[in-house]
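Student: Quick check, what structure comes out for this input:
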Amino acid sequence: MTGPTPATTTTARICSNCDGFATAAVTFDLGRDSSGHLRTLTVDCSVCHGTGTAPARRPRPTDWAVAA
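Tutor: Alright, predicted model coming up:
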């Protein structure tokens, strides 16, 4: 195949708390407003703050070089 080499792909760091579904719309049992719309509240994942991804891991202390 000719052409430039494609960029390497990395796996996404999906949040383990929400599995990537970071925002949810919650409906209340308050009925509808005057326009006929359901009353909803948008809630973000408290771990990833609505991004759906987890932060990169820091290396463990056992992986660090220890000066003797």
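Student: quick one: contacts of the helix or strand of the chain with the lowest mean pLDDT?
Tutor: Every helix and strand in the chain was compared by mean pLDDT, DSSP states H and E; the lowest is strand 23-32, with a mean of 85. The contact list for strand 23-32 (C-beta atoms under 8 Å, 6 or more residues apart in numbering) reads 38-45, 50. For every residue, glycine as well, the C-beta is placed using N, CA and C.
Student: Pass me the low-pLDDT residue ranges in this structure, would you?
Tutor: Along the chain, segments meeting pLDDT under 70 span 1-3, 5-12, 57-68.
Student: Now with 80, please.
Tutor: Applying pLDDT under 80 to the chain flags residues 1-12, 28-30, 55-68.
Student: could you pull out the helices for it?
Tutor: For the chain, helices defined by DSSP state H do not occur.
Student: how about residue 46, what does it touch?
Tutor: residue 17.
Student: ok, it to residue 15 distance?
Tutor: 10 Å (C-beta to C-beta, to the nearest Å).
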